[in-house]
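coords below, sequence missing:
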């Protein structure tokens with residue numbers, strides 16, 4: 001059935017994992033052009049879109065990577081490798097052209113998330129996106145019984161139409177996890193919602209508990225993460241998560257200023 005995109009084919013993942021890592025020999029201050037097919041360039045573009053998808057906080061505005069048109073990398077002294085990217089994007093659900101993007105992705109030498117700046121042209125009407133989000137919101141907001149689901153998509157790659165909004169929110173929320181965990185050597189795809197449960201709230205927000213499975217590239221490992229997500233159209237997406245492979249406490253995400261991945265502060269207490 002047609003529906004939201006799931007994990008890429010295994011053959012494609014194996015191809016990515018076989019491609020050589022770029023940037024290791026880049027001299028300080030020198031800029032080197034990369035093949036658009038290289039894993040490093042594609043990984044950086046994917047990180048930029050994960051950042052964008054979380055920041056947009058909109059199931060109707062989700063984008064997937066289309067064609068990577070140009071990529072260069074520069075070694076920034078005392079900072080890390082910085083990628084300069086031009087690529088097209090596709091609507092996550094329909095696969096239709098969603099506009100082109102310019103982005104930079106800096107992988108810091110210290111252990112911190114990639115620093116992303118991204119600007120995109122939109123082909124999808126913003127009013128249409130808002131109307132789509134509001135329809136989904138009203139449907140979920142007025143549930144008399146909490147939404148509960150497992151194994152989305154199923155073993156055949158299918159997603160029930162009624163659960164597509166739940167999947168879309170999971171993609172938006174897990175984009176924060178994938179962006180924050182990504183490094184120059186490791187990237188992530190959203191593979192499956194293992195389980196989801198809605199919490200009925202008295203205020204206007206929608207709240208879900210998810211267990212999501214992330215496919216780590218190039219290790220091919222499956223990472224299980226628990227994610228609590230709170231959403232209201234027009235507001236930053238709020239995410240807390242814990243991944244089973246990590247010996248650390250709950251991490252927070254609560255939206256970001258446009259074009260900057262710096263300064264994300266934990267928001268606790270009243271926000272959840």
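Ah, there it is. For clarity, every value in this text was computed on a predicted model and none was experimentally measured. Numbers count the residues shown, from 1 in each chain.

Could you list the low-pLDDT ranges of the chain?
By pLDDT under 70, the low-scoring segments of the chain are 1-29, 245-272.

change it to 50
Along the chain, segments meeting pLDDT under 50 span 1-24, 247-248, 255-272.

Okay, strands next: where are they in it?
Ranges of strands within the chain are 31-34, 63-76, 80-91, 97-108, 115-120, 148-152, 187-199, 206-217, 222-231, 238-243, 251-253, based on DSSP state E.

Could you export those strands as TSV, including mean neighbour count?
Placement of C-beta: from N, CA and C, glycine included. Shown next, in TSV, are the strands of the chain (neighbours: other CB atoms under 10 Å):
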stretch	mean neighbour count
strand 31-34	15
strand 63-76	18
strand 80-91	21
strand 97-108	20
strand 115-120	18
strand 148-152	15
strand 187-199	20
strand 206-217	20
strand 222-231	20
strand 238-243	20
strand 251-253	20
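
Tabulate those strands (a markdown table), appending distance to residue 176.
Shown next, in a markdown table, are the strands of the chain (distance: least, CB to CB, whole Å):
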| stretch | distance to residue 176 |
| --- | --- |
| strand 31-34 | 26 |
| strand 63-76 | 15 |
| strand 80-91 | 18 |
| strand 97-108 | 16 |
| strand 115-120 | 12 |
| strand 148-152 | 19 |
| strand 187-199 | 11 |
| strand 206-217 | 11 |
| strand 222-231 | 9 |
| strand 238-243 | 5 |
| strand 251-253 | 4 |
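
which one of those strands lies closest to residue 179?
strand 115-120 (7.3 Å; CB to CB).

now the angle from the closest one to strand 80-91?
Relative orientation of strand 115-120 and strand 80-91, computed by axes from the mean of the first three to the mean of the last three CA atoms, to 10 degrees: 30 degrees.

and strand 115-120 with strand 63-76, angle?
Per the same axes, to 10 degrees, the angle that strand 115-120 makes with strand 63-76 is 130 degrees.
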